[in-house]
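*Asks:* here is my input; please provide its structure:
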Amino acid sequence: YDLKDTTKMKLQDIILVGAMGPPGGGRNPVSSRFIRHFIITSMLEFDNDTLTRIFTNIISHYFKTESFPPEFHLVGNQIVQATLTVYKAAIDNLLPTPAKSHYVFNLRDFSRVVLGVLLIKPSSVENKTHDDKTVDS
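*Replies:* Predicted coordinates for the structure are as follows:
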C-alpha cells in the first residue's frame, strides 16, 4: 500500500488466513456476511489428561536430557498438575469484564509456566533427601 502512488494494483493468487476467538471479553461477533468468504475450521479445548500428558512429557524429557538427578524425573507431573489447577482457577475466577478485557487466559499462559521451568539448570537445584525418622512432640 503506497499513499504516493495511487495507481490500481491487481492482486492475484493470494491466500488470506485469519484467526479469532469466540465473542466476549472485548471481542465482537463477526457477521455471517463476512464469514461466508472463508473456510471455517474450529478446534476444541484440550481436556486435562491431554494437557497433563503433553506438558509432563516436555518437562520429563528436559530433566532427562539435562542430566538432572533421577528424583527430578518424576517432579514434572507434579509441576504440571499444580500449574493446571492454578490455570483452571484463573479461567473460572478471573473472567474478563469491560473494564478489564485483558483478563483472558489461554494455553499460552500455561505454556509460559512450563517454559519457565525449562530454564532451570541442574547446577541451580539442590538434591534434598529426607530421613525416615519420627519426631516426638
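*Asks:* which residue ranges form the helices in this protein?
*Replies:* 32-35, 48-65, 75-93, 107-117 (DSSP state H).
*Asks:* in the last one, what's buried?
*Replies:* Of the residues in helix 107-117, those with enough neighbours to count as buried (16 or more other Cβ atoms under 10 Å) are Phe110, Val113, Val114, Val117. The C-beta positions use only the backbone N, C-alpha and C, and glycine is treated the same way.
*Asks:* what's the local residue count around Gln12?
*Replies:* 4 (other Cβ atoms under 10 Å).
*Asks:* kindly apply the preceding question to Gly21 instead.
*Replies:* With other Cβ under 10 Å as criterion, Gly21 counts 10.
*Asks:* who's the closest residue to it other than its chain neighbours bridged to?
*Replies:* Nearest residue to Gly21, sequence neighbours excluded (Cβ to Cβ, 6 or more residues apart in numbering): Arg27, at 5.8 Å. Using DSSP bridges, the bridge partners assigned to Arg27 are Gly24.
*Asks:* between the buried residues of helix 107-117, which sits nearest Ser31?
*Replies:* Of all the buried residues of helix 107-117, Ser31 sits closest to Phe110, with 32.1 Å by Cβ to Cβ.
*Asks:* can you tell me what sits against stretch 49-67?
*Replies:* Contact with stretch 49-67 is made by 46, 72-73, 75-77, 79-81, 83-84, 107, 110-111, 114, 117-118, 121-122, as judged by Cβ atoms under 8 Å, 6 or more residues apart in numbering.
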